[in-house]
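J.: Fold the following.
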Amino acid sequence: MRSLISTIAVVGALASAVSVTGCTANVHDNTVSIPNASVQVSTSADTSQVHQGEMLPLKVMVSNVYLVDPGATPPPDHTDDAGQLAFYIDDDSGSPILVTAQVDVSVTIPQGESDGDHKLICRVQKHDGTPTDTEFSLKFTVVAGST
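T.: As a prediction, the model looks like this:
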């Protein structure tokens, strides 16, 4: 009888531990932080009338990030703050349309992008491609027709 009660107590304790840790074990924030990093994006283009295939000239201001070309290895003293700029349209769950270490770039709005309001997301990612929590959004509107 003691072993049955002990077994029940152990099973109960394990079940409680699994349910308590199970709630937080499946919560993932797949981003990292580069301390004090910031990014801002501006354009000289009219963002209220952007056409499919049009190139948007962008000026990126980034601070506290050591920009490294994709595929390059950062210097040892910058492994913690080395990164690139990844550009996305509307959300950053898919593949970026551009990854670069340049701060003066042009992003081409893809052919077939639907008419209407969109946002261009510039996210800092670590030099190994890991997304960070540092991003900036720029609103633009795609209108019918081509350039």
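
J.: what stretches of the chain score poorly on pLDDT?
T.: 1-30, 145-147 (pLDDT under 70).

J.: contacting residues around the top strand by length along the chain?
T.: Across the chain, the longest stretch assigned as strand under DSSP state E is strand 131-146. Here strand 131-146 makes contact (C-beta atoms under 8 Å, 6 or more residues apart in numbering) with 30-34, 37-43, 47-53, 56, 58, 65, 83, 86, 92, 109, 113-126. All C-beta atoms are positioned from the backbone trio N, CA, C, and that covers glycine.

J.: Tell me the buried residues within those.
T.: 31-32, 34, 37, 39, 41, 43, 50, 52, 56, 58, 65, 83, 86, 92, 109, 113, 118, 120-126 (16 or more other C-beta atoms under 10 Å).

J.: Which elements pack onto the helix or strand residue 40 falls within?
T.: For residue 40, the host element (DSSP states H and E) is strand 38-43. Where contact means 3 or more C-beta pairs under 8 Å, 6 or more residues apart in numbering; DSSP states H and E, strand 38-43 is packed against strand 55-63, strand 116-126, strand 131-146.
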